[in-house]
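Colleague: my questions concern the predicted model and sequence given below.
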Amino acid sequence: METIDDMKTTSDFDAVVLANGDFPTHATPLAVLHNAPYVVCCDGAANEYLSRGFRPDAIVGDGDSLSVEYRAAAAGFFHPVADQETNDQTKAIAFLRQRGVRRIAILGATGKREDHTLGNISLLIDYMQQGLEVAMVTDYGIFTPACGTRTFASHPGQQVSLFNFGATGLRSEGLVYPLSDFDRWWQGTLNESTQTQLTICATGYYLLFQAH
């Protein structure tokens, strides 16, 4: 059985993708951003990041959201991608993957438009299938995509939700409510950890949310 710390510490990421949702306010995502060795902004997020006095290592996107004010200043590190078949978050992930970066935290991917939020969260499974270790850190918790049987660091009382992406044989250890092979997202929400770690047993893909 594989045991992982689910990348909760700020030193566990090789790069951060800052998306154009709500800018982080919670201490955990802010610490991840502050300690990131490499920051890639989606083009819309770059406006906020630059306005706060920070300089990303790269800006990736189609450029439609990057303000005229910052476009000239970012000329040396703006990498335009015209592909309209993917969103800017995925373009930023692909930019890092092409450079051999595998451990990636995604910040600022929730908030604002709910359709963008749902799309961004669901893409975590796609990134994992590409061989990447990704996590989405929000102001409320961490989304971690997983496959098969995995053990995650936790703590008693931690609020936990699980979203099924076609997994079967779903079982758990260390949760208040037992899991089953549910097929509706809401059925795996609002659970709670009882121990310092929790184990999800399954065949296939799922997405775990652990509240801060």
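Modeller: Right, received. Where do you want to start? Values in this document were obtained by computation on a predicted structure and should not be read as measured data.
Colleague: so what sits opposite the most centrally placed residue in the chain in the bridge?
Modeller: The centroid of the chain falls nearest to M136 when counting by C-alpha atoms, centre = their mean (1.8 Å). For M136, the beta-bridge partners under DSSP bridges are I106, F143.
Colleague: just the pLDDT for it.
Modeller: pLDDT recorded at M136 is 98.
Colleague: what of D6?
Modeller: 45.
Colleague: how about R97?
Modeller: Looking at R97, the pLDDT reads 96.
Colleague: just want the phi and psi numbers for it.
Modeller: phi -60, psi -40 (degrees, to the nearest 10).
Colleague: what about it, how many residues nearby?
Modeller: 15 (other C-beta atoms under 10 Å). In this view, the C-beta of every residue, glycine as well, is placed from N, C-alpha and C.
Colleague: you'd agree it is up against Q130?
Modeller: Yes. Taking C-beta atoms under 8 Å as the definition, R97 is a contact partner of Q130 at 6.5 Å.
Colleague: before we move on, the earlier item: who's in contact with the residue nearest to the centre of the chain?
Modeller: When the contact criterion is C-beta atoms under 8 Å, 6 or more residues apart in numbering, the partners of M136 are 105-107, 109-110, 120-121, 124, 142-143.
Colleague: quick one: it and T110, what's the gap?
Modeller: Using C-beta to C-beta, to the nearest Å, M136 is found at 8 Å from T110.
Colleague: joint contacts of the two?
Modeller: 120-121.
Colleague: check which residues of stretch 137-147 are buried.
Modeller: Neighbour counts using 16 or more other C-beta atoms under 10 Å place 137-139, 141-146 of stretch 137-147 among the buried residues.
Colleague: can I get the residues you listed in JSON lines with distance to L66?
Modeller: Output for the buried residues of stretch 137-147, formatted as JSON lines (distance: C-beta to C-beta, whole Å):
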{"residue": "V137", "distance to L66": "24"}
{"residue": "T138", "distance to L66": "23"}
{"residue": "D139", "distance to L66": "24"}
{"residue": "G141", "distance to L66": "29"}
{"residue": "I142", "distance to L66": "28"}
{"residue": "F143", "distance to L66": "26"}
{"residue": "T144", "distance to L66": "30"}
{"residue": "P145", "distance to L66": "29"}
{"residue": "A146", "distance to L66": "34"}
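Colleague: could you work out the most separated pair of these?
Modeller: Comparing every pair within the buried residues of stretch 137-147 by C-beta to C-beta identifies D139 and A146 as the most remote, at 22.0 Å.
Colleague: circling back to that earlier point, just the buried residues of the contacts of M136.
Modeller: 105-107, 109-110, 120-121, 124, 142-143.
Colleague: and which of the residues you listed is nearest G157?
Modeller: I142 (16.0 Å).
Colleague: pLDDT score for that closest one?
Modeller: I142 is assigned a pLDDT of 97 by the prediction.
Colleague: can you list the weak-confidence ranges in the protein?
Modeller: 1-11, 74, 84 (pLDDT under 70).
Colleague: and the helices in it?
Modeller: 27-34, 43-51, 68-71, 88-97, 114-129 (DSSP state H).
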